[in-house]
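Enquirer: Generate a structure from the sequence data that follows.
(one chain, ligands or ions: 1)
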Amino acid sequence: MTPGLGIHGVSYSYGAKAALSEVALEVPKGRFCALLGPNGAGKSTLFSLLTRLFTTRTGRITVAGQDLARAPRAALARMGVVFQQPTLDLDLTVRRNLLYFAALHGIGGREAEARTAEALERLGMAERAAEPVRALNGGHRRRMELARALIHRPEVLLLDEPTVGLDAAARAAITAHVHDLADQGLAVLWATHLTDEVRDSDQLAILHRGRLLADGITRDLRGDEPLREMFLRLTGAEA
Ligand SMILES: Nc1ncnc2c1ncn2[C@@H]1O[C@H](COP(=O)(O)OP(=O)(O)OP(=O)(O)O)[C@@H](O)[C@H]1O
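Expert: Predicted coordinates for the structure are as follows:
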């Protein structure tokens, strides 16, 4: 297994309230891992730790073999993130948003232009390059966030409930696209509370009250039980 994302014995508390307890999870490259948990399970807290918004002294996180606490720059350079809340500049054009983000990663000039054009082409958005983001619908804005998260060619991609607010068609399209990215070699961690975004061949990690209740290939974990029912049985939550 090529190392993608490694989470080793990570815990986190808000004061006296434990939000994560001894979470351990590995997502190799080429794998789509769904992090499934009801509201309040600890998904956002875990994402904050993975992106270094928060730090913890308990446990260890590695990104493509780089230790996030010891070598934060190297680790973050190998990670792409799509946050739950959109963070695009609505008044800049599609192209400008991508160029700006490339510059933040130290990529400029022709290289940035080439990567931006390539990213837009891949997402079927080349003809929208000169439009302000404000003119795009929700599905296209999400696609752009994804393009932006990939501009520095990360090895690990994190997405925190990336389909929130999208209609069924846009949701299906983005879910399929990110599965393709995993097939092409990215390690993907996709946080969700929706069981229909998970495929039988995906790795599945179920988080509940800060603890991992299950980790394995979905098909093996659920056996003959529909995933939705298994999730409900384990967490008591309605998917
Ligand atoms: N700033 C905070 N102070 C105290 N407790 C918090 C804080 N933020 C989160 N929590 C608690 O930590 C636990 C995990 O929350 P977290 O937001 O990580 O869950 P989540 O799975 O992302 O849920 P959601 O899908 O609703 O965002 C919850 O019990 C939550 O109430």
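Enquirer: Please, where are all the helices along this structure?
Expert: Counting by DSSP state H, the chain forms helices over residues 43-50, 72-77, 94-104, 109-122, 138-150, 168-183, 218-222, 227-235, given from the N-terminal end onward.
Enquirer: To the ligand, which of those lies closest?
Expert: Comparing those against the ligand with C-beta to the nearest ligand atom, the closest turns out to be helix 43-50 (3.1 Å). (C-beta placed from N, C-alpha, C; glycine too.)
Enquirer: Can you tell me what sits against the closest one?
Expert: 5, 7, 10, 12, 19-20, 23, 35, 37, 53-56, 61, 68, 79, 81, 83-84, 158, 160-161, 189, 191, 207, 210 (C-beta atoms under 8 Å, 6 or more residues apart in numbering).
Enquirer: Also within reach of the ligand: list those from those.
Expert: Within the set of the contacts of helix 43-50, contact with the ligand (C-beta under 6 Å from any ligand atom) is found for 19, 37.
Enquirer: Out of the contacts of helix 43-50, which end up buried?
Expert: Neighbour counting over the contacts of helix 43-50 (16 or more other C-beta atoms under 10 Å) leaves 5, 7, 10, 12, 19-20, 23, 35, 37, 56, 61, 68, 79, 81, 83, 158, 160-161, 189, 191, 207, 210 as the buried ones.
Enquirer: Which ones among those residues map onto strands?
Expert: Restricting the buried ones among the contacts of helix 43-50 to those inside strands, with DSSP state E as the criterion, leaves 5, 7, 10, 12, 19-20, 23, 35, 61, 79, 81, 158, 160, 189, 191, 207.
Enquirer: ok, those vs the ligand, which is closest?
Expert: For the ligand, the nearest member of these is residue 19. The distance, counting by C-beta to the nearest ligand atom, is 3.6 Å.
Enquirer: quick one, what contacts that closest one?
Expert: Counting by C-beta under 8 Å, 6+ apart, residue 19 has contacts 12, 13, 42, 45, 210.
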